[in-house]
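>>> can't give you the sequence, but here's the structure:
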């Protein structure tokens, strides 16, 4: 077994102290759960409820949120086991590096970081698109150029606020989490005050016809939108090197955040459908199709209440972008420090100890994705980001869990997946459905082709990088089983 320079030798030490000059473990359970929930909720459900209704063609759209919750829960159990066992910064990068190093060297973790540098900022860009969309409710005359400039200003402000130490960020996140909870609860309570079961539970003909291609196309589109709304349950796994007692806190933060957001989403979705006629959500010119939560408040409590809650929703959207870039900017750091990605990304801020180049790069890509989303449509942007992440992160990570159980049976696992391997299989099938239907749900956009092109470009980048670094396949294959205790060999 070979370790990395500056790394502690045992897994117990890894969980209690950071590498010299590295991150500091200061994020507790409440803050970790708040970070996940803030990233998960954000603007997502407020802008995707109309998209979900359009995909299903009626109030049966609630199926999409249930399916998304099931996929998030099964996939979250994968993250929980891997994150508790290997609590390093970078999340999937760490797990894929450990699992696939025996056959393909550093190829798979390199490709993950390569794709993460695209799909994480794309997720953040959808949050900024939603921010500007809801801002349009408060400022109906907001033009395209003004909206673009405001969105870019929001991204710049997020990067500026993240340019500081993690202890300050954790406090900011707790405040934003409270605002997020307040905004969604107010919408839920407002909907309950004027709820119509007839609107919420009257379905169009053949709404549940399982023999219809239309149903399954709607289901695949709804599953994609649903899992997009739950994305973020893994944010603290990217910050594993900054979590206190990660073997206990990481799995709990993932599971608590998924269950909490699942309850919120179902109440929000059903409540909204019980106030606003679903037909209004499918018409682009109707305010219910762009600012459905504001429409709910306006109908139930009046324009003043709608304006107030819209401001809270804007803060919630801001919080999701904030926490997403917080976790995502850590992804390339550990990879670069371990010589699995471009070396400039390993540099931390000399005082505040955060990855400067990772944060700056993702901020720029978020800005580009925001402009693309503003000038195309949100549904296409969601399809693109999900297809980009499916192969190298979602599917590969599920395989990595099984590989590591076989290769490193002695690895300390504070949490082990319940009912293994059933959740892994369910998650794998769910991600395959999302990927397989991507082109059918985005005619003319070709998200599968774009995702494969980006992956191919990543392979080319890896070959060039590997040749420069003189690593496999241009150098000796290195195996670093750093999370195994001394004397506990892997199964080769």
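Yep, it's here. Predicted model only: the values in this text are computed from it and were never measured.
>>> switch to C-alpha atoms for all contacts and neighbour counts from now on
Noted.
>>> for the stretch 301-450 of the chain, which spans come out with low pLDDT?
Counting by pLDDT under 70, the stretch 301-450 of the chain shows low-confidence ranges at 352, 443-444.
>>> meant to ask about the stretch 51-200 of the chain, not that
Applying pLDDT under 70 to the stretch 51-200 of the chain flags residues 164-171, 173.
>>> show me where it has helices.
Using DSSP state H, counting those that start in this stretch, the helices found in the stretch 51-200 of the chain span residues 62-85, 92-104, 107-138, 144-162, 166-193, 197-201.
>>> and the first one, what other elements does it pack with?
With contacts defined as 3 or more CA pairs under 8 Å, 6 or more residues apart in numbering; DSSP states H and E, the secondary structure elements packing on helix 62-85 are helix 213-230, helix 246-273, helix 396-407, helix 422-436.
>>> just how off-centre is stretch 203-215 within its chain?
In terms of CA atoms, centre = their mean, to the nearest Å, the centre of stretch 203-215 is found 30 Å from the chain centre.
>>> Start the count at 677 instead of 1 going forward.
In the new count, where the first residue is 677, that last one comes out as stretch 879-891.
>>> And it, what's buried?
For stretch 879-891, the neighbour count (16 or more other CA atoms under 10 Å) marks 883, 891 as buried.
>>> out of the helices of the stretch 727-876 of the chain, nearest to residue 962?
Nearest of those to residue 962, taken as CA to CA: helix 783-814 at 11.3 Å.
>>> Report the buried residues of that closest one.
By 16+ other CA under 10 Å, the buried positions in helix 783-814 come out as 783-813.
>>> what residues are up against the closest residue to residue 948 other than its chain neighbours?
Counting by CA to CA, 6 or more residues apart in numbering, the nearest residue to residue 948 once its immediate chain neighbours are dropped is residue 867, at 6.0 Å. Contacts for residue 867 (CA atoms under 8 Å, 6 or more residues apart in numbering) come out as 947-948, 950-951, 972-973, 976.
>>> follow-up on the earlier one: among the helices of the stretch 727-876 of the chain, which is nearest residue 963?
When the helices of the stretch 727-876 of the chain are compared by CA to CA, helix 783-814 sits nearest residue 963, at 7.8 Å.
>>> Report the inter-axis angle for that closest one versus helix 768-780.
For helix 783-814 against helix 768-780, the angle by axes from the mean of the first three to the mean of the last three CA atoms, to 10 degrees is 150 degrees.
>>> I'd say residue 794 and residue 1043 touch.
No - applying CA atoms under 8 Å, one finds residue 794 not in contact with residue 1043, separated by 11.6 Å.
>>> Endpoint to endpoint, stretch 1109-1129 covers what distance?
Stretch 1109-1129 has an end-to-end distance of 20 Å (CA to CA, to the nearest Å).
>>> residues of it that come out buried?
For stretch 1109-1129, a neighbour-count test (16+ other CA under 10 Å) marks 1109-1111, 1113-1118, 1121-1124, 1127 as buried.
>>> Dump those to a markdown table, plus distance to residue 1085 and secondary structure.
Compiled in a markdown table, the buried residues of stretch 1109-1129 are given as follows (distance: CA to CA, whole Å; DSSP: H, G, I helix; E, B strand; the rest coil):
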| residue | distance to residue 1085 | secondary structure |
| --- | --- | --- |
| 1109 | 31 | helix |
| 1110 | 32 | helix |
| 1111 | 31 | helix |
| 1113 | 36 | coil |
| 1114 | 37 | coil |
| 1115 | 39 | coil |
| 1116 | 41 | coil |
| 1117 | 41 | coil |
| 1118 | 42 | coil |
| 1121 | 44 | coil |
| 1122 | 41 | coil |
| 1123 | 38 | helix |
| 1124 | 36 | helix |
| 1127 | 34 | helix |
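>>> Could you work out the most separated pair of the residues you listed?
Taking CA to CA as the measure, the buried residues of stretch 1109-1129 span a maximum distance of 17.9 Å, between 1109 and 1121.
>>> Show me the contact partners of stretch 805-823.
With contact meaning CA under 8 Å, 6+ apart, stretch 805-823 is reached by 719-720, 723, 826-827, 963, 966-967, 970, 983, 986, 989-990, 993-994, 1046, 1049-1050, 1054.
>>> distance between the ends of that stretch?
By CA to CA, the extent of stretch 805-823 from end to end equals 9 Å.
>>> coming back round to it: with distance to residue 729 as added columns, please give the helices of the stretch 727-876 of the chain in JSON lines.
Below are these laid out as JSON lines (distance: least, CA to CA, whole Å):
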{"stretch": "helix 738-761", "distance to residue 729": "8"}
{"stretch": "helix 768-780", "distance to residue 729": "32"}
{"stretch": "helix 783-814", "distance to residue 729": "17"}
{"stretch": "helix 820-838", "distance to residue 729": "26"}
{"stretch": "helix 842-869", "distance to residue 729": "17"}
{"stretch": "helix 873-877", "distance to residue 729": "12"}
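>>> Determine which of those approaches residue 1029 most closely.
Smallest distance to residue 1029 across those (CA to CA): 8.1 Å, for helix 842-869.
>>> mind checking how far that closest one is from the chain centre?
Put simply, helix 842-869 sits 18 Å off its chain's centre (CA atoms, centre = their mean).
>>> List the buried residues in it.
842, 845-846, 848-850, 852-853, 855-860, 862-868.
>>> Tell me which two of the contacts of residue 867 sit farthest apart.
950 and 973, at 12.5 Å, using CA to CA across the contacts of residue 867.
>>> who has more neighbours, those two?
For residue 950 versus residue 973, neighbours defined as other CA atoms under 10 Å are more numerous around residue 973 (26 against 23).
>>> check which helix or strand covers the more buried one.
Under the criterion of DSSP states H and E, residue 973 resides in helix 968-977.
>>> Please name the nearest non-neighbouring residue to residue 715.
Leaving out its chain neighbours, the residue that sits closest to residue 715 by CA to CA, 6+ apart is residue 996, at 4.1 Å.
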